[in-house]
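>>> How does the following fold in three dimensions:
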Amino acid sequence: MGYSDELGFAVDVVQKASVPAMAAFGSRELAVFEKSDGTIVTQADLDVNALIVEAIQTAYSSDAILSEEGPQATDTSAASRCWIVDPIDGTTHFYRKDRDWSIMLALTVDQHAVVGAVYRPALDELYAGAFGEESSFRVKGRETNVRIDPIATGPFRVIHGPSAVALTQLSRSSNEVCFTVAHHGLMGILNMFSSGAHAFVTARTTGHEWDLAPYAAILAASGGVVTDLQGRLHTFNKVDSKILGGVIAAVSEEIHDRIMTLVGEAGLVSS
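Purely as a prediction, here's the structure:
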């Protein structure tokens, strides 16, 4: 079963949602509220969330919706199909006028991410993919398919979070692997597409499903895989939305196996 219709819908919705987001991004006055966990949410987050939720309810009324800015007491885990929404991923970046925030949307079916769309309107970058469809990205109007670059044609390139720095200290691999550190949590996964890296690794994440599901779908569509540090597939639309166990995002099963070897050699554990 393919998801071309849902992919087209997701791409269309994240682009439409960018209109109110960019209007707020360019405004000098932006209402900001503090959430119960101490993080901030802006009026733009709420407005974008409302637009996306309404679009889903209109087009796919029987599907469940899990959103970062939705009612968190709602348990959607019994639903086979669930849309996972992050209206503005990187709210702090958005608030301080950085340009690397995203509008993110994913569809999960039976806890697997099958459609993903990530749009960075301030940078004009669109990343999307779905089961049965090729992943693609568009940067400043130019679109291309996400392709796996064989290791044989160049160095093994790994992006890692600060919590996975132990990987770089392996004497055996130091001359075989090109390591690049990425801050800002799971947002670093996008650097895989823009830089042509083979994998992303972090041992620590405070993220939730809406921070990872779109990336998992986009990678899976191009033959990639997203697991925890033990090699267990990350699944979604669970009772607990937290992402636990660290994250390994790889562009292929072969790359994932190689990363798992490095993780074992470094004694890397989730924190």
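
>>> going forward, measure contacts between C-alpha atoms and count neighbours the same way
OK.

>>> so what strands line up beside the helix or strand hosting T108?
Take DSSP states H and E as the rule and T108 turns out to sit in strand 102-109. Note on strand 102-109: by DSSP bridges, its sheet partners are strand 81-89 (antiparallel), strand 112-120 (antiparallel).

>>> Could you pull up the contacting residues of R99?
Under the criterion of Cα atoms under 8 Å, 6 or more residues apart in numbering, the neighbours of R99 are 93, 120, 122-123.

>>> if I look at it, how far off is T58?
Per Cα to Cα, to the nearest Å, R99 is found 30 Å from T58.

>>> and what of A166?
48 Å.

>>> Could you do M187 as well?
From M187 to T58 the distance is 29 Å (Cα to Cα).

>>> quick one: which of those two has more around it?
Set M187 next to T58 and count neighbours by other Cα atoms under 10 Å: M187 wins out with 18 against 10.

>>> Quick check: what element follows the helix or strand of the chain with the lowest mean pLDDT along the chain?
Sorted by mean pLDDT, DSSP states H and E, the helices and strands of the chain end with strand 142-145, the least confident at a mean of 65. If you walk from strand 142-145 toward the C-terminus, the next helix or strand you reach (DSSP H and E) is strand 156-160.

>>> so S77 sits in a strand?
No - judged by DSSP: H, G, I helix; E, B strand; the rest coil, S77 forms no part of a strand; its state is coil.

>>> What distance do you get for it to Q57?
18 Å.

>>> more neighbours, the two?
With neighbours defined as other Cα under 10 Å, S77 and Q57 compare such that S77 has more, 18 against 13.

>>> Go ahead and confirm that one touches T235.
No - if you go by Cα atoms under 8 Å, S77 and T235 don't touch, sitting 11.2 Å apart.

>>> Now do the longest helix anywhere in the chain: which elements does it pack against?
Scanning the chain for the helix with the most residues, using DSSP state H, yields helix 4-25. Contact here means 3 or more Cα pairs under 8 Å, 6 or more residues apart in numbering; DSSP states H and E; on that basis helix 4-25 packs against helix 43-59, strand 102-109, strand 112-120, strand 125-130.

>>> and these as CSV, adding mean pLDDT?
Below are the helices and strands packed on helix 4-25 laid out as CSV (pLDDT from 0 to 100):
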stretch, mean pLDDT
helix 43-59, 97
strand 102-109, 98
strand 112-120, 97
strand 125-130, 94
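
>>> Model confidence for V41, exactly?
Predicted confidence (pLDDT) for V41: 93.

>>> I figured it hits T91, correct?
Yes - if you go by Cα under 8 Å, V41 and T91 touch, sitting 6.7 Å apart.

>>> And the two? Which one has more around it.
Taking other Cα under 10 Å, V41 and T91 do not tie; T91 has more neighbours (21 against 18).

>>> show me what contacts the more buried one?
Counting by Cα under 8 Å, 6+ apart, the residues that T91 touches are 40-42, 45, 101.

>>> again, 7 Å this time
V41 (Cα atoms under 7 Å, 6 or more residues apart in numbering).

>>> same thing with A64?
By Cα under 7 Å, 6+ apart, the residues touching A64 are 76, 79, 81-83.

>>> Closest to G207 out of those?
Checking the contacts of A64 against G207 by Cα to Cα gives W83 as the nearest, at 17.1 Å.

>>> Against M192, how distant is the closest one?
Taking Cα to Cα, one finds W83 at 24 Å from M192.

>>> swap in D110?
As for D110, its distance to M192 is 27 Å (criterion: Cα to Cα).

>>> ok, these two, which is more surrounded?
Using other Cα under 10 Å as the criterion, D110 and M192 rank with M192 on top: 19 against 16.

>>> Show the low-confidence segments of the stretch 151-271 of the chain, by residue range.
151-154, 171-175 (pLDDT under 70).
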